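Participant: Turn this into a model:
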Amino acid sequence: MKTGARPRRIGDRPVVIGFIGAGNVLGAYLQSMDRLLPTGRAVLGGIYARNPRRRKALAATRPGIPLFDSLEEALAAAWDVAVVITPPATHMQLAHRALKSGKHVLVEKPLALRATDARALVKCAQQAHRWLVSAPFVHLSPTFAFLAGELRQGAIGTIHSARGLYGNSGSHWALWYHEEGGGPLADLGIYNLKSLTCVLGPVQAVFHRETRSGRHRVIGGKRVGKYDPDVAHTLLVHRGGATSQIVSSHAIVQYDRPALEFYGTSGTANLRGDDWDPRGVDMWREARGCWESYPAIEPTWHWTDGLVELVQALQEGRPPISDLEHDLHLLDVLEAAGRSAKLGRMVTVRRQWAGAGPSGAQHIRAVRRHHLHDHTRPTDAQ
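Facilitator: Residues are numbered from 1 along each chain as shown. You can find the predicted model right below:
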């Protein structure tokens, strides 16, 4: 993100973090908070939760933490960072209000439902001289950074094909999950989309098909008769010449295959696990004639650690390792996929992104560590 003036360095004092929303991903973000709190790098400034039952539960599990039932009161609090983890349709408005109130903002994916709204949000952040970062944060994973670095250096030759998959069985707690129109590509496949574009570069054209699985859905104890398509197959043509495919679905009960597969002129590389939860890398290089396996470099890395990176950036007075133009490109691809599904043909992505990955991503530590004594704790906590 380019701004007229870089935000001031916070320095050694703890970064005050507040949450807007208290849904099912709050617990995951509090995991990252619980890693920050003992280091003195951050404090929890409060949580805005509309639901009284949720506030009562949080008061019991997080005694002493400020809980807000009013967004106005929450935004008036002395937070440095506001983390927006509400349903996607509300992201743009809430992030805009948080930026206007002087907060740096982290937004769960997607940044907004429409690319034009997301660009307005980026402009607001620039004018406010505040950092804005958006999930997914797959590029921050040391394991993924290692894989991407090897592939960029030609470990398997020129990549011509790639595949990604991410699916689950859908939601039993939130109706919006199946009714907001984004579908599984926007909700799940966006992880693969970010990973693939980090390695293969921008997408020029998309062919996208969606269907309904027929899976019976019960949400909040009530049978849902009609819901958005829950199975999506997406074919992507990248600017560099490679073709990739993403299968994303809210109707996959279970799977056991690599999250990402890359096929090059002299080898193959797979990312084990999911790209938001990488378990390691397998690589076949033609010159070596064997599979080589690399364990996860930082097995405690978490998909919410974009928050940890933002805290570090604020304290060090540097930009976060992020490229909002990349995140905007993902939304442009999602919109092109929507047009393709309606038209039944391949369509071009109207805007192009000039980069090849989040700026600074090459500096993610991706050194294999052989002397990690406790695999349940991150390296910097040992």
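
Participant: what ranges do the strands span in the stretch 101-250 of the chain?
Facilitator: 104-107, 132-134, 159-167, 203-211, 217-219, 222-224, 231-238, 243-249 (DSSP state E, counting those that start in this stretch).

Participant: Now render those strands as JSON lines, adding mean pLDDT.
Facilitator: Formatted as JSON lines, the strands of the stretch 101-250 of the chain follow (pLDDT from 0 to 100):
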{"stretch": "strand 104-107", "mean pLDDT": "98"}
{"stretch": "strand 132-134", "mean pLDDT": "97"}
{"stretch": "strand 159-167", "mean pLDDT": "97"}
{"stretch": "strand 203-211", "mean pLDDT": "97"}
{"stretch": "strand 217-219", "mean pLDDT": "83"}
{"stretch": "strand 222-224", "mean pLDDT": "81"}
{"stretch": "strand 231-238", "mean pLDDT": "97"}
{"stretch": "strand 243-249", "mean pLDDT": "97"}
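
Participant: quick one: the spatially closest residue to residue 160 that is not a sequence neighbour from residue 280, how far?
Facilitator: Once flanking residues are discounted, residue 160 sits nearest to residue 242: 5.7 Å by C-beta to C-beta, 6 or more residues apart in numbering. The way it works is simple: take the backbone N, C-alpha and C, and place the C-beta from them, glycine included. Residue 242 sits 23 Å away from residue 280, going by C-beta to C-beta, to the nearest Å.

Participant: Next: residue 309.
Facilitator: For residue 309 relative to residue 280 (C-beta to C-beta), the value is 22 Å.

Participant: before we move on, back to that, in terms of pLDDT, where does the residue nearest to residue 160 sit?
Facilitator: On the pLDDT scale, residue 242 is placed at 97.

Participant: Show the contacting residues for it.
Facilitator: Residues counted as contacts of residue 242 (C-beta atoms under 8 Å, 6 or more residues apart in numbering) are 159, 160, 161, 162, 200.

Participant: can you rerun that using 6 Å?
Facilitator: Residue 242 makes contact with 159, 160, 200, according to C-beta atoms under 6 Å, 6 or more residues apart in numbering.

Participant: Distance check, the last one against residue 171.
Facilitator: Okay, so that is residue 200. 30 Å.

Participant: Mind checking which of the two has more residues around it?
Facilitator: Relative neighbour count places residue 200 above the other of residue 200 and residue 171, with 24 against 18, counting by other C-beta atoms under 10 Å.

Participant: for the protein, what's the longest helix?
Facilitator: If you go by DSSP state H, the chain has its longest helix at helix 324-343.

Participant: got the buried residues for it?
Facilitator: 324-338, 340-341 (16 or more other C-beta atoms under 10 Å).

Participant: Give the next helix or strand downstream of it.
Facilitator: strand 347-348 (DSSP states H and E).

Participant: thinking again about what came up before, quick one: which of the strands of the stretch 101-250 of the chain is nearest residue 81?
Facilitator: Closest approach to residue 81 among the strands of the stretch 101-250 of the chain is made by strand 104-107 (4.8 Å; C-beta to C-beta).

Participant: Make a markdown table from the contacts of residue 242 and add distance to residue 26 to it.
Facilitator: Output for those, formatted as a markdown table (distance: C-beta to C-beta, whole Å):
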| residue | distance to residue 26 |
| --- | --- |
| 159 | 38 |
| 160 | 42 |
| 200 | 33 |
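
Participant: Can you tell me which of those lies closest to residue 179?
Facilitator: Looking across these and measuring by C-beta to C-beta, the closest to residue 179 is residue 200, at 32.1 Å.

Participant: and that closest one, what is it in contact with?
Facilitator: With C-beta under 6 Å, 6+ apart, residue 200 has these contacts: 238, 242.

Participant: before we move on, the earlier item: the longest helix of the chain - contacts with which helices or strands?
Facilitator: If contacts are counted by 3 or more C-beta pairs under 6 Å, 6 or more residues apart in numbering; DSSP states H and E, helix 324-343 sits against helix 115-128, strand 203-211, strand 347-348.

Participant: could you dump those to a markdown table with mean neighbour count and distance to residue 73?
Facilitator: Formatted as a markdown table, these follow (neighbours: other C-beta atoms under 10 Å; distance: least, C-beta to C-beta, whole Å):
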| stretch | mean neighbour count | distance to residue 73 |
| --- | --- | --- |
| helix 115-128 | 18 | 20 |
| strand 203-211 | 20 | 41 |
| strand 347-348 | 16 | 45 |
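
Participant: which intervals of the protein have sub-threshold pLDDT?
Facilitator: 1-6, 8-9, 180-181, 356-382 (pLDDT under 70).

Participant: Nearest residue to the middle of it?
Facilitator: residue 136 (0.8 Å; C-alpha atoms, centre = their mean).

Participant: So that residue versus residue 110, what's the distance?
Facilitator: With C-beta to C-beta as the criterion, residue 136 and residue 110 are 9 Å apart.

Participant: Quick check on residue 273: phi, psi?
Facilitator: In terms of degrees, to the nearest 10, the main-chain angles of residue 273 are phi 80, psi -140.

Participant: was I right about it contacting residue 279?
Facilitator: Yes: Residue 273 lies in contact with residue 279 (C-beta atoms under 6 Å); the separation is 3.3 Å.
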